[in-house]
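In: Let me see the structure of the following:
(2 chains)
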Amino acid sequence: MGAYVLRRLALAVPTLVGVTVVVFALIRLVPGDPARLVLGLQASEEEVQRLRVELGLDQPLPVQYARFLGRLVQGDLGRSVVTGEPVTREIAARLPATVQLAVASTLLATAAGMVAGVISATRQYSWVDYLVMTVALFGISLPVFWLGLMLMLLFSVHLRWLPAGGYGTPAHLVLPTITLAAFSVAIIARMTRSSLLEVLHQDYVRTAWAKGLGARAVVLRHALKNALIPVVTVIGLQFGGLLGGAILTETVFAWPGMGRLLVGAIVARDYPVVQGAVLVFAALFTLVNLAVDVLYAYVDPRIHYG
Amino acid sequence: MRRYGLPGLVVAALLAALVAGADGPVGAQSVPRQLRVAIGIDADRLDPAEQTTTTIANIVDYMFETLVDLHPTKQQIVPRLATRWQVSRDGLTYTFTLRRGVRFHDGTPLNAEAVKFSLERLKDPRVAMALRFLVQPVQSVEAVGEDTVRIRLNKVTPTFLSDLSTTQFAIVSPTAVQRAGDRWRSAPVGGGTGPYMFKEWRRGDSILLERNPNYWGKKPLFDEILFRVVPDAGTRLTQVLAGDVHQAMLPPAPDVKGLRRNPQVKVVEAPSDRVIFVAMNTQWGPFKDVRVRQAMNYAVNKKAILASVLFDLGTVSDSPCPPMMFGYHKVRDGGWPFSPTRAKELLAQAGYRDGFEVNFFTPTGRYIQDFQFAQAIAGQLRNVGVRANVTTMDWPSYVAMIQTPLERTRIQMLVLGWAWPVLDCDGVLYGQFHSSSHPPRGLGPAFYSNPRVDQLLDQQRQEANVERRKALLKEAQEVIWNDAPWIWLWSQKWYVVTTRNLDGVLIHPIEKWTALCEPQEPAVGHHCVNWR
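Out: I've put the predicted structure just below:
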């Protein structure tokens, strides 16, 4: 197992280098001049040119890339064009908020989604099943910004129970978590339902029923455990995606996370921040995927990593 | 019931904790300890010299002060950290007397050396001062005594006093700057003399200021001011309605109409110096002919668009320069007249009886209702046979397009807004209509050239006599107006929404708004924020 993890980590390095090449090239392919954007329309051309030189933007692209890589291996992601602060500091300031929201949403989505999925599968074609699956359909279809604004209108403006956006106390976490989890709840519920239904029709489940086991033991211990692999995969993918920043949710709820940092950096053509943030996302995503693969072995003892 | 008893209790306890943890509703009659203001963007830097947006400069203004202020309503220069000043007869030497007994937040006394340090710092290339050209005229700064400063200029600069009133020229504590070092631009601790002091900046979330107990002027009303970064306009408005914040900048424009009638809140709105226009590339096809450009002006019904698309958040332009600026001259009362018949006549005279096709660019979400009014304009142009195809793109690409030189430009017609940190017509006229402003050197996308205008604009920059300078600016405005390099539209308003208890929030024409005393000098009649 240890060797397997090490090998996977080593394989992540070329992936991440590939990511740097693509991001580096993409952000420079779209039009826009970071120096002009940061100094504004009223700044004189001399001043803008001076900043271009200072940022090294006057150098050929391969030279810029080599410099970027050279600093990267020393753990230096450069400085933000907009704030003049080290990119690592910018990311460190935003990462906790993102992780907090991603973890909270994933926990909520997993709990709610699996419960709904199990209820739905065990009562297939009943009105409960239809109700749960209809609600799930809404969860997938509702635009995040609309759901967020509606929740705020209800819980902040009318009931005044929860703050309308912002960051800091646990109360601030509630609405964004629900908003962000809505989509994942629906996906996880549907995945749990279909996966569990497949298992419930297998022979060993019939055997379990025939043995006279209670419903709880049959469904949760025998069936669900074997239905978990696709569900774990989906949860992993959702979590990885959420770590990549939930841009709309963060914007609607004024949540100071990575998604807004990245979008802001793209809009300002803040090259170092875009590169740094995407690299961090890629690394996190790789780690989550690895964790999911390792988890398979625990969920299903038939899976072995040599 | 028994089975779910425990989880049920946990959920109830959690909910109770969450509700208790939320901030209590705002709206009590007593002055709140903390004033909370929702702003749309996070700060880039907090060093006054490195300001690039009025929104952030606005926050910096609570902490830092300049030598002189621009009176928000009388548009004249009034004292701030300097109590008196004299200008030499040749207009090249300015002598300032500093206010006595003022200390920076770190305890350092305000003196001539601090002023010298602050102004000389602006020339340091390590300080990213976007508007560095404003300091170019400063030749030397000399500390004559403890509280006397003499500034010598290398050329006559009629706007110099106004320039000194901009945030970039704020006076900073030399000891605080040196102590902060690399962290100065993100945490300017102890550096200013203003009514509030820097406390904390949580990136992407908020900026917190606290009361300066030793402030020289009127004591600040609130213990703390929290600026909350809320990028979505709808959320900012929701926060005011929910009582989470007391004030929010720029709620969604389509909501303003309803908010004006809502007794729970107040909409504070005022004209700004940002002129919104459609620049025509005067060196492209049909627009080379002045009659075509005038026809375009006749074809657009500014008043109707303002009323129905902008919710009256603008004032029709009646000159190339907006009204609150020095040198403004009203060229045409009520703006360029709306007359499709006259437009068609002019187009026919110019040989475009059947109109023509033109590309028309606009940003989205940069100016009030920009994409929407561009479509309204295109609709009205169609009535006179001009087929304008509206295209939009993201702001960085837009700016890159404007910066393209004439030989390669795609611009035929585009929407742009122009504002200037100093209330002087020079900013808009020189920056857009002098032939040195053609892209890529400048950002005047009309590629307008008129030797007479160049001459007038150059002369007024050298003219120390106020009346003669006004006359030069007046003639320039008349010539430019009739040459019609733009479709003259409007200057847009700046607006904030506040809870009804907050009184006296003031909007400056330069898109700033403050809950302070403005100006701080009571002798010139100031105006302070209050809680009712």
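In: what's the offset of the helix or strand of chain A with the lowest mean pLDDT from the middle of its chain?
Out: Every helix and strand of chain A was ranked by mean pLDDT, DSSP states H and E. The lowest is helix A:215-216, at a mean of 82. Relative to its chain's centre, helix A:215-216 lies at 34 Å (C-alpha atoms, centre = their mean, to the nearest Å).
In: what's that helix in contact with?
Out: residue A:122 (C-beta atoms under 8 Å, 6 or more residues apart in numbering or on different chains). All C-beta atoms are positioned from the backbone trio N, CA, C, and that covers glycine.
In: cool, stretch A:220-232 as well?
Out: For stretch A:220-232, with C-beta under 8 Å, 6+ apart as the criterion, the contacting residues are A:114, A:117-118, A:188, A:191-192, A:195-196, A:198-200, A:204-205, A:208, A:213, A:292, A:295-296, A:299-300.
In: Just give the closest residue to the residue in the stretch 1-150 of chain A positioned nearest to chain B, not the sequence neighbours.
Out: At 2.9 Å from chain B, residue A:32 is the closest residue in the stretch 1-150 of chain A, using C-beta to the nearest C-beta. In space, not counting the residues next to it along the chain, residue A:32 is nearest to residue B:396; the distance is 2.9 Å by C-beta to C-beta, 6 or more residues apart in numbering or on different chains.
In: what does residue B:175 give?
Out: Per C-beta to C-beta, 6+ apart, closest to residue B:175 is residue B:108, 4.8 Å.
In: now swap in residue B:506 and tell me
Out: Closest to residue B:506 by C-beta to C-beta, 6+ apart is residue B:518, at 5.0 Å.
In: and the longest strand along chain B, what other elements does it pack with?
Out: Using DSSP state E to define each element, chain B has its longest strand at strand B:265-280. If you count contacts as 3 or more C-beta pairs under 8 Å, 6 or more residues apart in numbering or on different chains; DSSP states H and E, strand B:265-280 packs onto helix B:253-261, helix B:290-299, helix B:370-382, strand B:413-418, strand B:486-499, strand B:506-508.
In: mind checking how far that strand is from the chain centre?
Out: Remark: strand B:265-280 is offset 10 Å from the chain centroid, using C-alpha atoms, centre = their mean.
In: Please name the strands paired to it in the sheet, noting orientation.
Out: Strand pairing for strand B:265-280, using DSSP bridges, gives strand B:413-418 (antiparallel), strand B:486-499 (antiparallel).
In: Could you dump the ones you listed into a markdown table and include distance to residue B:93 and mean pLDDT?
Out: Output for the strands paired with strand B:265-280, formatted as a markdown table (distance: least, C-beta to C-beta, whole Å; pLDDT from 0 to 100):
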| stretch | distance to residue B:93 | mean pLDDT |
| --- | --- | --- |
| strand B:413-418 | 32 | 95 |
| strand B:486-499 | 35 | 96 |
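In: Out of these, the one nearest residue B:95 is which?
Out: Nearest to residue B:95, of all the strands paired with strand B:265-280, is strand B:413-418, at 34.1 Å by C-beta to C-beta.
In: Quantify the burial of the nearest residue to residue B:78 once chain neighbours are set aside by counting its neighbouring residues.
Out: Excluding the flanking residues, the one nearest residue B:78 by C-beta to C-beta, 6+ apart is residue B:524, at 4.4 Å. Neighbour count of residue B:524, defined by other C-beta atoms under 10 Å in any protein chain shown: 14.
In: contacting residues around residue B:524?
Out: With C-beta under 8 Å, 6+ apart, residue B:524 has these contacts: B:71, B:74, B:78-79.
In: Hmm, which of those residues is lowest in pLDDT?
Out: Lowest pLDDT of the contacts of residue B:524: residue B:74, 78.
In: do you know how far that one is from residue B:524?
Out: Computed as C-beta to C-beta, to the nearest Å, the residue B:74 to residue B:524 distance reads 8 Å.
In: Tell me which stretches of the stretch 201-306 of chain A form helices.
Out: For the stretch 201-306 of chain A, the helices defined by DSSP state H, counting those that start in this stretch occupy A:203-210, A:215-216, A:225-243, A:247-252, A:258-267, A:271-299.
In: could these go into CSV alongside mean neighbour count?
Out: Converted to CSV, those look like this (neighbours: other C-beta atoms under 10 Å in any protein chain shown):
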stretch, mean neighbour count
helix A:203-210, 13
helix A:215-216, 8
helix A:225-243, 20
helix A:247-252, 24
helix A:258-267, 23
helix A:271-299, 19
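In: mean pLDDT for the ones you listed: which is lowest?
Out: Among the helices of the stretch 201-306 of chain A, helix A:215-216 scores lowest, at a mean of 82.
In: which residues does residue 88 contact?
Out: Just so you know, I chose chain A. Applying C-beta under 8 Å, 6+ apart, the residues contacting residue A:88 are A:75-77, A:276.
In: You answered for a different chain; I wanted chain B.
Out: B:94-95.
In: is it possible to export the helices and strands packed on strand B:265-280 to CSV including mean neighbour count?
Out: Shown next, in CSV, are the helices and strands packed on strand B:265-280 (neighbours: other C-beta under 10 Å):
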stretch, mean neighbour count
helix B:253-261, 14
helix B:290-299, 23
helix B:370-382, 20
strand B:413-418, 23
strand B:486-499, 24
strand B:506-508, 20
